[in-house]
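> Starting from these lines, generate the structure:
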Amino acid sequence: MTPHINAKKGQIAETVLMPGDPLRAKFIAETFLTEVTKYNEVRGMLGFTGKYKGKEISIQGSGMGAPSIGIYSYELFKFYDVNTIIRVGTAGGMARSLNLKDVIIASGASTNSNFASQYNLPGTYSAVASFEVIESLVNASKNLNKNYIVGNVLTSDIFYDADETALERWRKIGILAVEMEAAALFMNAAFLGKKAGTILTISDIIGGEVTSPEERQTAFLDMMEIALEGATS
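Next comes the predicted model:
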């Protein structure tokens with residue numbers, strides 16, 4: 001057990017889907033999995049293991065922000081022998097072509113976070129997803145006949161940014177959407193020799209339309225199905 005996860009060894013599958021919202025974790029487990037058991041509820045960060053089409057998979061909430069997903073993904077990789085984590089989250093759309101509920105498969109995550117400073121690298125680290133995970137998510141999207149976009153996202157430490165021009169500058173360099181966790185997940189995976197990916201649903205358009213909290217918990221079914229198919233293929 002760790003300070004944040006009270007599962008025993010063997011209760012967590014080698015592949016974990018990781019939504020930020022623990023209630024989304026509960027929804028995915030109850031909607032898509034069979035033989036479900038709850039292995040964690042420490043700090044309300046729910047974790048479940050079950051089977052999807054006969055294959056074992058776990059769903060674990062991560063909370064919001066790089067520090068939170070940094071804790072949970074590190075503990076899963078390091079202490080529970082998890083091999084692959086796929087973040088299943090929401091993002092604010094920045095590219096002009098995006099619409100509400102579009103699905104993005106992140107190839108990489110630019111960031112304004114200081115998370116990489118711990119590695120004391122003599123340069124700027126590029127936080128990228130594992131190619132095998134990107135490929136599995138793309139193939140799952142095609143097999144399910146679901147639309148998707150692959151590209152670079154921004155992992156931001158700031159939700160309410162005092163610099164109102166910052167996101168526009170990120171958009172001009174090709175960033176598709178902004179979220180708060182992917183870069184830390186990708187770095188933990190790289191540092192520990194594991195695999196990671198991120199699939200996102202556009203929950204709001206920056207400066208425009210937004211979805212409801214209820215939709216963000218339960219309505220993004222395309223993303224959930226793609227992630228489950230990709231994780232168990």
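> what residue of this structure is the furthest out?
Here the chain reaches farthest from its C-alpha mean at residue 122, the gap being 27.7 Å by CA atoms, centre = their mean.
> Quick check: pLDDT value at that residue.
What the model reports for residue 122 is a pLDDT of 97.
> same thing with residue 211?
Looking at residue 211, its pLDDT is 82.
> Against residue 101, how distant is it?
From residue 211 across to residue 101, the span is 7 Å (CB to CB, to the nearest Å). Every C-beta, even on glycine, is put in place using the N, C-alpha and C of the backbone.
> What of residue 155?
Distance, residue 155 to residue 101, using CB to CB: 21 Å.
> Of these two, which one has the most company?
residue 155 (28 against 17; other CB atoms under 10 Å).
> give the contact list for the closest residue to that one other than its chain neighbours.
Spatial nearest neighbour of residue 155, chain neighbours left out: residue 183 (3.6 Å); criterion: CB to CB, 6 or more residues apart in numbering. For residue 183, the contact set (CB atoms under 8 Å, 6 or more residues apart in numbering) comprises 66, 109-111, 113, 115-116, 127, 155.
> contact partners of the worst-scoring helix or strand of the chain on mean pLDDT?
For the chain, using mean pLDDT, DSSP states H and E, the weakest element among its helices and strands is helix 213-218, scoring a mean of 74. For helix 213-218, contacts defined as CB under 8 Å, 6+ apart pick out 21, 23-24, 27, 90, 203.
> Pull out the CA atoms of that helix and give them to me as PDB.
What follows is helix 213-218, C-alpha atoms only, in PDB (Å, rounded to 0.1, in the frame of the first residue of the first chain):
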ATOM      1  CA  PRO A 213     -20.400  19.100 -15.300                       C
ATOM      2  CA  GLU A 214     -22.700  16.100 -15.700                       C
ATOM      3  CA  GLU A 215     -21.600  15.800 -19.400                       C
ATOM      4  CA  ARG A 216     -18.000  15.900 -18.400                       C
ATOM      5  CA  GLN A 217     -18.600  12.900 -16.000                       C
ATOM      6  CA  THR A 218     -20.700  10.700 -18.100                       C
END
